[in-house]
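Q: Quick one, fold the following:
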Amino acid sequence: MERQAKERRVRVLVSYALDPALVEQLEGVDARLELQVLGQEARQLFRGQGRYPSELEAQTARRELQEAMGEAEVLFGFWGPALIEMYPTPDELHRQAPNLRWIQLTSAGVDRAARSGLLESDFMVTSSSGLHATPIGEYVLCLMLMFCKGAPRFVRAQERQEWIRYLPQELYGKTVGVVGLGHIGAEVARLAKAFGCRILATRRSVTARTTDEVADELLPPSDLPYLLAESDFVVLAVPSTPETRQLIGEAELQSMKSTAMLINIARGAVVDEEALVRALKEGSIAGAGLDVFAQEPLPPESELWGLENVIMSPHISGGTEIYNQRAVGIFCENLRRYLAGDPLMNLADAERGY
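A: Numbers count the residues shown, from 1 in each chain. Down below sits the predicted model:
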């Protein structure tokens, strides 16, 4: 008992409310943890509503968050507008949260943390990479099937009470080009392959053409023009970094088939949006499925709203009713590693930008 009393306590701050079962799961990781979960008093307001951590955090009082940050060694949450405003630089974060050592994000992307300079600082930043593979994989397959079966056409015809017959297409036999074969890209490839698709994919670490379990052709990033020219569906699944900013521009869109569809579930900045609008209006490509945009929410004046060859959604492709369960599961494993002094999963790298 005396030895346990002298063990170092680790203060863990969760910046948004969790279901009691998930709080118990975190508390059960190790007796050395001192857990503080913000916003629990408002939990009944959103129970069963399927809200994202970023939305739940908005209900947390800023003063409460700031006070709790002053004591925390570990933060579990979303690096969103409130925290960016409160701690615009790593130095300011150090000053107001002198004990903080590690930030575990609920998001798979670390672009907001990168823009705050956290990846170049001495804070450890880890993501929830891998959490979104299943929901986003399903979302991408949904879009591909919608395009093949003409869903935008028959939905609009139903709204107008018009009986319009046409010949749908098959997904079977199509070529799917996955730009970025990470967790999400690999799941998209696996599902598309199950539908009988040919899979081309790029991966940052690949230097020569090869194959793997899910890709018929695994390509280096330099082979992007080949992937674009060959694919019926181009799926963007790369992280947001300076290297991938406007990766798809005028030249890339012109190199795609006129019958091809572009699907973006990465970040809006990966695509030159003005060039995309031109390509869609001129018929350089057949359509686009977009879950992310250069500016979010998408401004009312954007021409994308009115294009009939576009299917769009408000950045929800990674959503799932078990989002928090998966995020907490990743955090629990990393907490065990942190307490044991082992390397953390999904540790962001300043040089790569993710």
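
Q: which ones are touching the residue nearest to the spatial centre of the chain?
A: Nearest residue to the geometric centre of the chain (Cα atoms, centre = their mean): Ala108, 4.9 Å. Residues in contact with Ala108 (Cβ atoms under 8 Å, 6 or more residues apart in numbering) are 127-132, 183-184, 318. Where you see a C-beta, it was placed from the backbone N, CA and C, and this is true even at glycine.

Q: And the strand or helix carrying Gln25, what's buried?
A: Using DSSP states H and E, Gln25 maps to helix 20-27. Buried residues in helix 20-27, defined by neighbour count with 16 or more other Cβ atoms under 10 Å: 22-23, 25-26.

Q: still on that earlier bit, and of the contacts of Ala108, the nearest to Asn264?
A: Within the contacts of Ala108, distances to Asn264 taken as Cβ to Cβ reach their minimum at Ile184, with 12.0 Å.

Q: what's around the closest one, how many residues?
A: 30 (other Cβ atoms under 10 Å).

Q: From Tyr323, how far out is it?
A: Distance from Ile184 to Tyr323, counting by Cβ to Cβ, to the nearest Å: 15 Å.

Q: Kindly list the main-chain dihedrals of Arg326?
A: The phi and psi values for Arg326, taken as degrees, to the nearest 10, are phi -70, psi -40.

Q: Okay, it and His183: tell me how far apart.
A: Arg326 sits at a distance of 12 Å from His183 (criterion: Cβ to Cβ).

Q: Next, the contact list for Ala174, please.
A: One thing to correct before we go on: residue 174 is Lys, not Ala. By Cβ under 8 Å, 6+ apart, the contact set of Lys174 is 144, 148, 197-198, 232-233.

Q: residue ranges of the strands in the stretch 101-250 of the chain, please?
A: If DSSP state E, counting those that start in this stretch is used as the criterion, the strands of the stretch 101-250 of the chain fall at 102-105, 124-126, 175-179, 198-202, 217-219, 233-236.

Q: Would you mind giving these as CSV with mean neighbour count and distance to Trp79 added?
A: Output for the strands of the stretch 101-250 of the chain, formatted as CSV (neighbours: other Cβ atoms under 10 Å; distance: least, Cβ to Cβ, whole Å):
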stretch, mean neighbour count, distance to Trp79
strand 102-105, 24, 6
strand 124-126, 21, 8
strand 175-179, 28, 25
strand 198-202, 23, 28
strand 217-219, 21, 32
strand 233-236, 26, 22
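
Q: so can I have a markdown table of those showing mean pLDDT?
A: Shown next, in a markdown table, are these (pLDDT from 0 to 100):
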| stretch | mean pLDDT |
| --- | --- |
| strand 102-105 | 98 |
| strand 124-126 | 98 |
| strand 175-179 | 98 |
| strand 198-202 | 98 |
| strand 217-219 | 98 |
| strand 233-236 | 99 |
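
Q: out of the ones you listed, which comes closest to Leu167?
A: strand 233-236 (18.7 Å).

Q: any residues touching that closest one, and which ones?
A: With contact meaning Cβ under 8 Å, 6+ apart, strand 233-236 is reached by 140, 144, 147, 174-180, 185, 188, 192, 227-228, 247-248, 256, 260-266, 270-271.

Q: quick revisit: which neighbours in the sheet does the helix or strand following the helix holding Gln25 have, and how are they oriented?
A: Next along the chain after helix 20-27, taking DSSP H and E as the criterion, comes strand 33-37. Each strand paired with strand 33-37, and its direction, by DSSP bridges: strand 10-14 (parallel).

Q: what angle separates the partner strand from helix 20-27?
A: Using axes from the mean of the first three to the mean of the last three Cα atoms, to 10 degrees, the inter-axis angle of strand 10-14 relative to helix 20-27 is 150 degrees.

Q: who touches the residue nearest to Arg115 when sequence neighbours are not counted in this structure?
A: Excluding the flanking residues, the one nearest Arg115 by Cβ to Cβ, 6 or more residues apart in numbering is Ile84, at 8.0 Å. The contact partners of Ile84, by Cβ under 8 Å, 6+ apart, come to 112, 115-116.
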